[in-house]
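Enquirer: Prediction below, plus the sequence it came from.
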Amino acid sequence: MKALRPLLLAAAAALTALPAFAQDLTPVRFTLGWKTQGSDAPFLLALSKGYFREEGLDVTIDQGEGSAATVTRIMGGAYDAGFGDINAIIQNAAARPGEAPVMVYQLWNRPPFAIVVPKSTGIETVADFEGRTLGGAQGTPTTRMWEVFAKRNGIDMSKVAIENMAPNLQEPMMIRGQIDGAFVFNITSWFNLLANRQDPAADYNWFSFEDYGMDLYSNGMMVSRAMLAEKPEVVAGLVRAVNRATLEVAQDQDAAVEAIVAFDNLVNVDIERQRLVFSLTNLMNAPEGATLGMGDLDDERLTRSIGIVAEGYGLERAPEASEIFDRSFLPPLEDRKLTVAIN
């Protein structure tokens, strides 16, 4: 017993230390942009592999209600951070400066905003939209910025009929020929078409906003103003963990899918794997990434995009780029460069 006593004391000390360690973790409430999707992999991998905990963070991740809702959830105080649309930050920062969240790690440096049309309609150029009917969900960025798109591309808006509809009706109505095209997020609509037994690549034309003078940024990780001011070390830890996971996701989609399923075992594994690859190859691979690295953006481009959003939403004030994005928490460039090509 005397010989065992030191071991027992050591074991008791270790057990006593465990709760203390758990108490040292800083809780962070994190919201996704929507229901669990493959494009959420960087956050879910960081969670499942313990990267957040290694940074001293106890991160709780909840599903979301839309990329724009991430901003309002954080502004309302229910969440500290989340995955959402930078354009929603711009809108809120214009009206409530100093209150809107701040983007600290840009993931989608290409926008998902597009107009999709069945090839059977014969619409091959943007000029062909005239005389047609397009459907969109009122308030979404793609629909709201249609007027700017039309002006920049010489489209007579009076010759294009716009039908408002719920997002879940767009693809079915397009398939039935009730509308000629739809204002969509490509990462959503592509897979909605697959679910409706369509071939989005062979049978549809996609008019991506970025190809028609609408060079916008989109989703990334944002944090509350309160966390930014009061707990900068927590923001830095979040960014390091997500950056580490993002580079791994680009390297290993199998591990990424495992993390997604570990978080939500009800997902369609095949679809979400495809969605993950879609996000990597269509939304996270802007040429600027080769020089800026993951997580960063170009300030001049952001300023231009703020102007587009201000015009599209009729904002009274165009925020400065510094109000929208803060790169001061990014790891060094060499730690943010991909070692694989995502194209």
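Expert: Thanks, I have it. Keep in mind that what you see is a predicted model, and the values were worked out from it rather than measured.

Enquirer: shaky segments in the stretch 151-300 of the chain?
Expert: For the stretch 151-300 of the chain, no stretch has pLDDT under 70.

Enquirer: my guess is residue 104 is in a strand, correct?
Expert: Yes - per DSSP: H, G, I helix; E, B strand; the rest coil, residue 104 lies within a strand segment.

Enquirer: which residues does residue 103 contact?
Expert: Neighbour list for residue 103: 86, 89, 220, 221, 222, 324, 325, 326 [criterion: CB atoms under 8 Å, 6 or more residues apart in numbering]. All C-beta atoms are positioned from the backbone trio N, CA, C, and that covers glycine.

Enquirer: Please name the bridge partners of it.
Expert: residue 222, residue 325 (DSSP bridges).

Enquirer: Residue 295 versus that one, what's the distance?
Expert: 10 Å (CB to CB, to the nearest Å).

Enquirer: intersection of neighbour lists for those two?
Expert: With CB under 8 Å, 6+ apart as the test, residue 103 and residue 295 both reach residue 220.

Enquirer: mind putting the contacts of residue 103 in JSON lines, distance to residue 249 and neighbour count included?
Expert: What follows is these, written out as JSON lines (distance: CB to CB, whole Å; neighbours: other CB atoms under 10 Å):
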{"residue": "86", "distance to residue 249": "20", "neighbour count": "29"}
{"residue": "89", "distance to residue 249": "23", "neighbour count": "28"}
{"residue": "220", "distance to residue 249": "14", "neighbour count": "22"}
{"residue": "221", "distance to residue 249": "14", "neighbour count": "25"}
{"residue": "222", "distance to residue 249": "19", "neighbour count": "29"}
{"residue": "324", "distance to residue 249": "25", "neighbour count": "25"}
{"residue": "325", "distance to residue 249": "22", "neighbour count": "20"}
{"residue": "326", "distance to residue 249": "23", "neighbour count": "18"}
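
Enquirer: what two of these are the furthest from one another?
Expert: The two members of the contacts of residue 103 with the most space between them (CB to CB) are 221 and 324, at 13.3 Å.

Enquirer: Residue ranges of each domain in the chain, please.
Expert: Under the assignment automatic domain parsing, the domains of the chain span 25-110+217-335, 113-212.

Enquirer: re the thing from before, save the contacts of residue 103 as CSV, and put in distance to residue 154 too.
Expert: As requested, these are exported to CSV (distance: CB to CB, whole Å):
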residue, distance to residue 154
86, 28
89, 30
220, 32
221, 37
222, 35
324, 30
325, 32
326, 37
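
Enquirer: Out of those residues, which comes closest to residue 143?
Expert: residue 86 (17.8 Å).

Enquirer: In contact with that closest one, which residues are there?
Expert: With contact set as CB under 8 Å, 6+ apart, residue 86 has these partners: 103, 106, 217, 218, 219, 220, 222, 324, 325.

Enquirer: does the nearest residue to the second one once chain neighbours are set aside count as helix, strand or coil?
Expert: Of all residues not flanking residue 106 in the chain, residue 220 sits nearest, at 4.1 Å (CB to CB, 6 or more residues apart in numbering). The three-state label for residue 220, taken from three-state DSSP, comes out as strand.

Enquirer: Looks like residue 220 contacts residue 110 (just checking).
Expert: No - between residue 220 and residue 110 there is no contact under CB atoms under 8 Å: 11.9 Å.

Enquirer: for the stretch 201-343 of the chain, what spans make up the helices?
Expert: Under the criterion DSSP state H, counting those that start in this stretch, helices of the stretch 201-343 of the chain are mapped to 225-230, 232-251, 253-263, 269-282, 289-292, 299-313, 321-324.

Enquirer: which helices and strands sit right next to the first one?
Expert: The helices and strands touching helix 225-230, judged by 3 or more CB pairs under 8 Å, 6 or more residues apart in numbering; DSSP states H and E, are strand 102-106, helix 232-251.

Enquirer: which residue is nearest the centroid of this protein?
Expert: By CA atoms, centre = their mean, the chain has its centre lying nearest to residue 219, at 2.9 Å.

Enquirer: if I look at that one, how far off is residue 107?
Expert: Distance from residue 219 to residue 107, by CB to CB: 6 Å.

Enquirer: sorry, back to before: identify whichever of the helices of the stretch 201-343 of the chain lies nearest to residue 37.
Expert: Nearest of the helices of the stretch 201-343 of the chain (CB to CB): helix 269-282, 5.6 Å.

Enquirer: okay, the angle between the closest one and strand 219-223?
Expert: For helix 269-282 against strand 219-223, the angle by axes from the mean of the first three to the mean of the last three CA atoms, to 10 degrees is 90 degrees.

Enquirer: which residues sit against helix 269-282?
Expert: 36-39, 41, 108, 110, 112, 186-187, 190-191, 194-195, 249-250, 253, 256-257, 260-261, 342-343.

Enquirer: Only whichever of the residues you listed are buried, select them in PyMOL.
Expert: Only the buried entries of the contacts of helix 269-282 go into this PyMOL selection, using 16 or more other CB atoms under 10 Å:
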select buried, resi 36+37+38+39+41+108+110+112+186+187+190+191+194+249+250+253+256+257+260+261+342
